[in-house]
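Asks: Return a 3D structure for these sequence lines:
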Amino acid sequence: MAYIHSIKTTFLAGLVPALLLAVGCSGNSTNDTTPIKEPADSPNALIGVTNNNVRTVKVSTVAHSSTPATPVVSVAPLAPEGGEPVPVAMTTVALPIGKINGLIEDDTNVDKFSPPLKDEPVRIHGVITQLLDWKTREGDVRRGFFLQNTPAQADDDPKTSDGVFVFAFDGVDIEEYDLEVGDEVHLVGEVHVHYKQTEVIDPVIIKHVAADKRKKPGIKPFIANPPSDKKEARIYWKRHAGMLCRVPAKSVVQGSPKTDFWSGDTILYVMSADHPVAQRKKIGERRVFRDFHPLDDDTQNMFDNQNGYLVPISGYALGGNFPNTRTFDTIDAVEGAVRYHYGEFKVLASVPPVITRGPHPGSVSPVPKPAEDSLTVASFNVENLYDMVNDPDDGCDDHDDPGCEGVRRPFNYLPESQAVYDARVALIATQIIESLYGPDIIMFQELEDQDVDKDGKNDAMENLAEAVRTQGGPDYDTAIDRDGADARGIISGFMFKRERVKLPKVTAKDPVFGSKPDCGFPHDLLPLCNDVSNPKSFNATFPVGNNKESKTEDVFSRSLQAVKFEVDGETVVVLNNHFSSGPDRRIQKRQMQTLLNASIAESIMAADPKALVIAGGDLNVFPRPDEPLPDNKSDQLGALYDCGLTNLQDDLLERAPEAAFTYVYKGVAGTLDHIFVSPALEKRVRNFSIAHINTDFSDGAGDHDPLLAEFDWSKKSKK
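Replies: Residues are numbered from 1 along each chain as shown. Modelled structure (predicted):
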């Protein structure tokens, strides 16, 4: 958590001897240590005041065998009680901060850039624009501030940034010195790069003028206006890193604030009210879509600029304390310093944004009520649906657990309390009843794999089924194969109407659910595929890379869950998936996951061309032709298309493009969730919709919008 407040900074008195060497204190020298006081208004005054005591300034003349004598100024800080003063070397000339950050050319690789004075001691001065205080995972306090040159102090180069983050103090054994926004500070420190952000570390404050004593204008923020091209936008933000920024009023919210799993940062994405996308007449078209989408800002090119015009607003300095927001809301102006954090430039909001409600996102393309004689199938990623019960067989489902393979505390996917969990389950139940009209079959992803009472039922789905019944919805049964869970305990599963949908028993001779499945997958199936089970987990191994001698991996970390249902006398096979995440990563793994699904579907359709097969879920990659790697096409879902299945997203994109998305990532709407159907089922499709009830809302039940497919199940359709 991080909070803006008055920071208590420290004179770190003992800069290491290496700093003395770095500024020329080497070789033979003679030192005149006669104490002097420079006037406080001197341009190079090194007067620091702590507890009403004045620090002593000394001038040393340093001689070197091959260079003329060089004056070096050092400060002797007040000695701690019973101790000796520790001399600290100081450079005599303050550099413009732009010289510290370095020149950013139009073709600079931002991710590989290193500042020219990295690891060098420097003296800088400027005005504090923002204070930052946060805690590490271990609970240790960390503090710092953003310092920016005034126009008179800056290098007047638009290709360099005039601001920098000063990583100051850890809050342990320090002398205290009040700093406030607007104070002028002169300091020395070392240029450092922390996760690609240029910083000044180990600072020693050598002059401090409080804001109310400066009697000069403060720092004027620059107005956020990044270019549309993503690469150009990164150059733009790098040239402003560390500087005070203002996000204009009436900027339009895109997606709900998302909390990053790794950094813990909550981020809100907005676009300028003046942007052409924000000016569109139809409400649903005032949205930032992925490049390939027909409603993208550039409709002429399939892959173009990657929507660099979005502005990320970070809640890191607010402890994630953002107001309730949703897509199409607008904000009042927001100010904060630009910070590079976990691969992204963000504006650190100094106060929570003030929100003005916009049009309701769910009103753009509501899901129509299905006909009585339809079969409805939904896919719903419920985003880490963990309860408060500690499973003794799971090492990462309770806040006090030690952790699992690849998972360590804090477990920020767990609910904060029983009340929070109960409210979330109730909300999902309401969405199932009111927004999805109580589907006959629901494919869930991201359930907690837990069965504490050992009744053979998944606890999370049982809680959902009970909540639906309590609210007057359908009576649901549940089914799952626990072999499908990953190391963290995430699993997919099924809920189905007990009255209408049946779960038949299967025999060892069943070609899919029996003991010897033969689906034509080109690599070895895992032993769990030989279980006689319904539902049934499927997984396999594959050689990583193109070398036959390379290592092998499991195709799935969360196994495919296949199930056979009987609905009004007809057999429907459903393949429920939660593919590996990261559309531009784990490419081969997702291709293999797609291929295993396609192999099973193709084997079923080969035996019965009229077979009713559904393959879908959270596939974590985009539909054709939305390519995450436009310069190196991967066609990750190609096997499903090529085996004869139809992606129902394709029809929706054509007839209602404003509704064709399931997830908003970094402010950009895209499709990660899919329902593919066999030819026999495609003929019976009445409607396919996406219920936009979550990803646009900060108070939604999860981060994915659920899908609903409606099929004609009338007697006439079965002929």
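Asks: Break down the stretch 351-500 of the chain into its helices, ranges please.
Replies: Per DSSP state H, counting those that start in this stretch, the stretch 351-500 of the chain carries helices over the ranges 418-430, 459-470.
Asks: Which residues are in contact with the residue nearest the centre of the chain?
Replies: Central residue of the chain (CA atoms, centre = their mean): residue 260, 3.8 Å from the mean position. Residue 260 makes contact with 266, 267, 342, according to CB atoms under 8 Å, 6 or more residues apart in numbering. C-betas here are computed from N, CA, C, even on glycine.
Asks: Show me which of the residues you listed are buried.
Replies: 266, 267 (16 or more other CB atoms under 10 Å).
Asks: Tell me the secondary structure of residue 651, please.
Replies: helix (DSSP: H, G, I helix; E, B strand; the rest coil).
Asks: Report pLDDT for it.
Replies: The model reports residue 651 with a pLDDT of 95.
Asks: Tell me, how many residues neighbour it?
Replies: 15 (other CB atoms under 10 Å).
Asks: surely it meets residue 688?
Replies: Yes: counting by CB atoms under 8 Å, residue 651 touches residue 688, with 6.3 Å between them.
Asks: Wait, a strand at residue 202?
Replies: Yes: secondary structure of residue 202 (three-state DSSP): part of a strand.
Asks: hang on, the earlier thing: among the contacts of residue 260, which one has the lowest pLDDT?
Replies: Among these, residue 342 has the lowest pLDDT, at 86.
Asks: buried ones in the longest helix anywhere in the chain?
Replies: Taking DSSP state H as the criterion, the chain has its longest helix at helix 587-607. Using 16+ other CB under 10 Å as the test for burial, helix 587-607 gives 587-605.
Asks: Kindly report the same for stretch 500-515.
Replies: Those would be 500, 501, 503, 506, 510, 512, 513, 514, for stretch 500-515 by 16+ other CB under 10 Å.
Asks: which among the residues you listed gets closest to residue 193?
Replies: Of all the buried residues of stretch 500-515, residue 193 sits closest to residue 512, with 54.3 Å by CB to CB.
Asks: pretty sure the closest one is in a helix, no?
Replies: No: looking at residue 512 with three-state DSSP, it is coil, so not inside a helix.
Asks: right, and residue 701 touches residue 382 too?
Replies: Yes: Residue 701 is in contact with residue 382 according to CB under 8 Å; the separation is 7.1 Å.
Asks: Find residues that contact each of these two.
Replies: Contacts common to residue 701 and residue 382, judged by CB under 8 Å, 6+ apart, are residue 428.
Asks: residues in contact with residue 457?
Replies: Residue 457 neighbours (CB under 8 Å, 6+ apart): 451, 478, 480.
Asks: ranking the residues you listed by neighbours, who comes first?
Replies: Ranking the contacts of residue 457 using other CB under 10 Å puts residue 480 first, with 26 neighbours.
Asks: how about that residue, phi and psi?
Replies: Here is the backbone geometry of residue 480 (degrees, to the nearest 10): phi -160, psi 150.
Asks: pLDDT weak spots in the chain?
Replies: The chain contains residues with pLDDT under 70 at 1-92, 137-138, 169-177, 261-262, 546-549, 719.
Asks: longest strand in it, by residue count?
Replies: strand 121-135 (DSSP state E).
Asks: surely residue 277 meets residue 271?
Replies: Yes: contact between residue 277 and residue 271 holds when scored by CB under 8 Å: they sit 6.5 Å apart.
Asks: excluding its backbone neighbours, what's nearest residue 670?
Replies: Distance criterion CB to CB, 6 or more residues apart in numbering; nearest residue to residue 670, sequence neighbours excluded, is residue 290 at 4.5 Å.
Asks: Equivalent analysis for residue 267, please.
Replies: residue 312 (5.2 Å).
Asks: Now do the phi/psi pair for the one you found.
Replies: The phi/psi pair for residue 312 (degrees, to the nearest 10) reads phi -80, psi 130.
Asks: Count the neighbours of it for me.
Replies: Count around residue 312 with other CB under 10 Å applied: 22.
Asks: Likewise for residue 609?
Replies: The number of residues packed near residue 609 is 11, by other CB under 10 Å.
Asks: what helix or strand does it sit in?
Replies: For residue 609, there is no host helix or strand (DSSP states H and E).
Asks: doesn't residue 602 make contact with it?
Replies: No: Residue 609 lies out of contact with residue 602 (CB under 8 Å); the separation is 11.2 Å.
Asks: The contacts of residue 457 into JSON lines, with extra columns for distance to residue 682?
Replies: Shown next, in JSON lines, are the contacts of residue 457 (distance: CB to CB, whole Å):
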{"residue": "451", "distance to residue 682": "36"}
{"residue": "478", "distance to residue 682": "28"}
{"residue": "480", "distance to residue 682": "28"}
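Asks: Tell me the one of the residues you listed nearest residue 716?
Replies: residue 478 (31.9 Å).
Asks: picking that back up, of all the helices of the stretch 351-500 of the chain, which lies closest to residue 407?
Replies: That would be, of those and by CB to CB, helix 459-470, which comes in at 18.1 Å.
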